[in-house]
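[1] mind folding the following:
(chains A and B)
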Amino acid sequence: MSTAIAFLLAATFVISVGGLGLLIWALVNDQFTMGKRAAQTIFGTDEVGRVEDPATPADTRAEMQRERGEIADRGQQGLEDRAARVRADRSSRTPVTWWLASSLVWLVLGSIIGLIVSMKFHMPDWLVNDPALTFGRLRPAHLNLVAYGWASMAGVGVGIWLIPRLFKVTLQGPAYATAGAIIWNVGIFLGTAALLTGYSDGMEWLEFPWPIDITLVVGGALAAVPLILSLLKRRVQHLYVSAWYLLAALIWFPMLFVTANLPNLFSGVEQSMLNWWYAHNVLGLWMTPLGLAAAYYMIPKIVGAPIYSYSLSLVGFWALALFYSQVGLHHLIGGPVPTWAVTISIVHSVMMVIPVVAVAVNHHMTVAPHWRLLLYSPTLRFVVLGAVMYTAASLQGSMQALRSVNEITHFTHYTVAHAHLGLYGFLTYIMFGAIYFIMPRLTGREWPYPKAITAHFWLVFVGFAVYFIFLSIGGWLQGLAMQDPSRPFMESVTLTLPYLEARSVGGAIMTLGHVVFAVHAFIALSRSGPVRDDAALFRRPAAQSPAGGSA
Amino acid sequence: MTRALGIVAAAAMILLFAALMIVVMPSIQLQASVRPPEGLKPYSESALVGRDVYVSLGCVYCHSQQPRDPSLGPDAIRGWGRAAVPADFIYDSPHLLGTMRTGPDLLNIGARQPSVDWHMTHLYNPRAVMPESIMPAYPFLFEVKEEAGPRDIVVNLPDDFAPDGGVVVARPAARDLVQYLLELDRTYPVDEIPVEEAD
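    Alright, predicted model coming up:
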């Protein structure tokens, strides 16, 4: 124990001095004042104040623009900037289509399996004759499909699409990313097949057998090649914050994934610490950066305003890196691991409030003055809702790491609901929004059926509300029952049944929403739907409102 | 370019530092101090095969293997055993600590429920012994035979759960799994576990 304490003291001292030095360096070198200019990197000339949604029909965008506030026409340089962006979008079309289209297939499959898993909780004698369909095999199949098939592939697809826009070049080496998508898909398919036939590495989030993990490493590395090549040719002075998140995710994911999947590195309790170091970091340092990179781009571009405070976004970035990386052991609170290490994770979980509030202020304050655009733009509504869920999920996570709260929630469905608030409410909503933005720019046509977008939004919104509210309540009551020695354990099982049934209802509604979304997306990609001459918005802004026009 | 490189390098350093703090340091501490407990034998060959069945069927998604300290919950009162210590898991890979208690903790199930008969019936259909259980049934771990052979383990079933004809006998996977469950027994006193003297 004494070595640990000595190490902690020394580490604390070194970090404090290092942090102070960094702050002084930043002040001396004027790192904090480039804010306004840096935040405008993502806009072309004459573009601040201009909405970039919907994608195509000019008259509908003019209506959105009126809602936002009138702006003068583009000058010559502005027109050239726009033409360059069209070229940038075209250059990334093939790999982005591959990554996004694949992610949608895995989303639908993962949702259906998730729904079956949910129903098995209250129908334990359903589908029990085939070992491939047993609960304990379908559950990791669900998790890996939605985490690595859907969320990661959608995140990478959106990331690749952002690269040429962030660096203002055409995408360099797009074929590498396309090949990466194909190899990654093979990995997801083989991994899922392995889980269903009984081959699992046995640790949560790391179930795919390690030889299959190699495909994800190769596929991911190939997807990173265009990022690096484009970075080398970039034509921007400042790296926008979305690029920071993408670059960091690029280095974090391979470090995490390779280390944690090395076979026979650890066993027993040491292995459990490696397990949760990985499992929480794959959320915090892989999926979260992908989601935030997208949100930091989409929100300012759609409302036509630079991010509220650029300095704050950099504070948010480094604080996220520092604090999120050490929260993993809160999954082992009360477990047979050294208490001091768990305490480090609890402290960092609470410190996560800093980056979360920084990001929240930035996102929400950018949207607030232009909130009326939420009525029209599907992208903005999904992304902003996702950003709100990020704030909620993160603050909830900090609370849950406190020992007093964790005692009740630790081994319950409450944690599962929380995980879905993060991966679904935050990341998935943002990916939905980003895909609504990107797809028309891939196909050159608007979404064919606006009513399907409305249906998708309400299905996943209502479905997830049912899912989250009921499962959270059920999980909390389960925890209270489990912690009460005067109540038999079985009571903590039976009392959850109505909530688990409600969760299945919510999950079914969500799954239906995903089917609507995926079918709609494939119709759009195959260019077989109707060609529309007005935009796919939730509704069109009023043609001309004399009162609000000059606001 | 320098800035991009700086971001990536700093990001990598931070993650390495985190790994040092919450994985490497505690592991060094554990490896220096934890010795195999006298009361704990390595798993038998059959139990190791059974452990693979446990992993492959995903039992860990509903059952933890880590009774907590009485200050954190009534685990001991429920008969799940004393708080687990690192030495209890010295023979475990992959670890199966678990994060859910949809069902009870199993680290001491072998001590709590030593009956092979009970486990066989329970695995064939949990509701045959626990009417309110929501655990899945595992009929594929068993087969229906006309007549049991001399070495077969016959599953005792109430009439409602028994097949129309023949007897239900355990397949090898069920026998190994039950052997593993029986060897889940960390009831030796924690004082027996040799640890490095703290100062």
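[2] could you use CA atoms for every contact and neighbour count after this?
    OK.
[3] going along the chain, name the strands of chain B.
    Here chain B has its strands, by DSSP state E, at B:142-145, B:167-170.
[4] turn the ones you listed into a markdown table, including mean neighbour count.
    Compiled in a markdown table, the strands of chain B are given as follows (neighbours: other C-alpha atoms under 10 Å in any protein chain shown):
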| stretch | mean neighbour count |
| --- | --- |
| strand B:142-145 | 17 |
| strand B:167-170 | 22 |
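[5] quick one: closest of these to chain A.
    With C-alpha to the nearest C-alpha as the criterion, chain A lies closest to strand B:142-145 of these, at 10.4 Å.
[6] before we move on, back to that, can you lay out the strands of chain B as CSV showing distance to chain A and mean pLDDT?
    Listed next are the strands of chain B as CSV, based on distance: least, C-alpha to the nearest C-alpha, whole Å; pLDDT from 0 to 100:
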stretch, distance to chain A, mean pLDDT
strand B:142-145, 10, 96
strand B:167-170, 14, 96
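[7] now A:Leu231: which helix or strand?
    Using DSSP states H and E, A:Leu231 sits in helix A:210-232.
[8] and whichever helix or strand comes after that helix, what does it pack onto?
    Next along the chain after helix A:210-232, taking DSSP H and E as the criterion, comes helix A:241-261. On a contact count with 3 or more C-alpha pairs under 8 Å, 6 or more residues apart in numbering or on different chains; DSSP states H and E, helix A:241-261 meets helix A:152-167, helix A:210-232, helix A:268-282, helix A:288-303, helix A:310-324, helix B:2-19.
[9] the fifth one versus helix A:288-303: what angle between them?
    By that I understand helix A:310-324. Per axes from the mean of the first three to the mean of the last three C-alpha atoms, to 10 degrees, the angle that helix A:310-324 makes with helix A:288-303 is 160 degrees.
[10] same deal with the third one?
    Using the same axes, to 10 degrees, one finds that helix A:268-282 and helix A:288-303 are set 10 degrees apart in direction.
[11] roughly how far is helix A:268-282 from the heart of the chain?
    Chain-centre distance of helix A:268-282: 21 Å, with C-alpha atoms, centre = their mean, to the nearest Å.
[12] now do the buried residues in that helix.
    A:268-282 (16 or more other C-alpha atoms under 10 Å in any protein chain shown).
[13] ok, those residues vs A:Arg87, which is closest?
    A:Val282 (33.4 Å; C-alpha to C-alpha).
[14] surely that closest one touches A:Leu256?
    Yes: between A:Val282 and A:Leu256 a contact is recorded at 7.2 Å, counting by C-alpha atoms under 8 Å.
[15] taking the stretch 301-450 of chain A, what residue is nearest to chain B?
    Residue nearest to chain B within the stretch 301-450 of chain A: A:Phe411 (4.2 Å; C-alpha to the nearest C-alpha).
[16] what about that residue, is that helix, strand or coil?
    coil (DSSP: H, G, I helix; E, B strand; the rest coil).
[17] which residues touch it?
    A:Gly479, B:Thr99, B:Met100, B:Arg101, B:Thr102 (C-alpha atoms under 8 Å, 6 or more residues apart in numbering or on different chains).
[18] picking that back up, near chain B too, which of the buried residues of helix A:268-282?
    A:Gly268, A:Val269, A:Glu270, A:Gln271, A:Ser272, A:Met273, A:Leu274, A:Trp277 (C-alpha under 8 Å from any C-alpha of the partner chain).
[19] helices or strands up against the least confident helix or strand in chain B by mean pLDDT?
    Ranking every helix and strand in chain B by mean pLDDT, DSSP states H and E puts helix B:2-19 at the bottom, with a mean of 86. In terms of contacts (3+ C-alpha pairs under 8 Å, 6+ apart), helix B:2-19 is packed against helix A:241-261, helix A:310-324.
[20] so the first one versus helix B:2-19, what angle?
    Angle of helix A:241-261 versus helix B:2-19, following the same axes, to 10 degrees, is 40 degrees.
[21] what residues sit buried inside helix A:241-261?
    A:241-254, A:256-258, A:260-261.
[22] now it and helix A:210-232, what's the angle there?
    Going by the same axes, to 10 degrees, helix A:241-261 makes 160 degrees with helix A:210-232.
[23] make sure A:Gly433 is indeed in a helix.
    Yes: assigned with three-state DSSP, A:Gly433 falls within a helix.
[24] neighbours of it, how many?
    25 (other C-alpha atoms under 10 Å in any protein chain shown).
[25] my guess is it contacts A:Leu385. True?
    No: at 9.4 Å, A:Gly433 does not count as touching A:Leu385 under the criterion of C-alpha under 8 Å.
[26] residue contacts, the closest residue in space to A:Leu427 that isn't next to it in sequence?
    Nearest in space to A:Leu427, with sequence neighbours left out and distances taken as C-alpha to C-alpha, 6 or more residues apart in numbering or on different chains, is A:Gly291 at 5.4 Å. Counting by C-alpha under 8 Å, 6+ apart, A:Gly291 makes contact with A:Gly155, A:Phe426, A:Leu427, A:Ile430, A:Met431.
[27] pretty sure the last one contacts A:Gly155?
    Looking back up the chat, that one is A:Met431. Yes: look at A:Met431 against A:Gly155 with C-alpha under 8 Å: they come within range, at 7.0 Å.
[28] these two: which is more packed in?
    Taking other C-alpha under 10 Å, A:Met431 and A:Gly155 do not tie; A:Gly155 has more neighbours (31 against 27).
[29] so the nearest residue to A:Arg372 once chain neighbours are set aside: helix, strand or coil?
    Excluding the flanking residues, the one nearest A:Arg372 by C-alpha to C-alpha, 6+ apart is A:Glu67, at 7.7 Å. The three-state assignment at A:Glu67 reads helix, by three-state DSSP.
[30] burial of A:Glu67, as a residue count?
    Other residues close to A:Glu67 by other C-alpha under 10 Å number 23.
[31] roughly how far does it sit from B:Ile28?
    As for A:Glu67, its distance to B:Ile28 is 61 Å (criterion: C-alpha to C-alpha, to the nearest Å).
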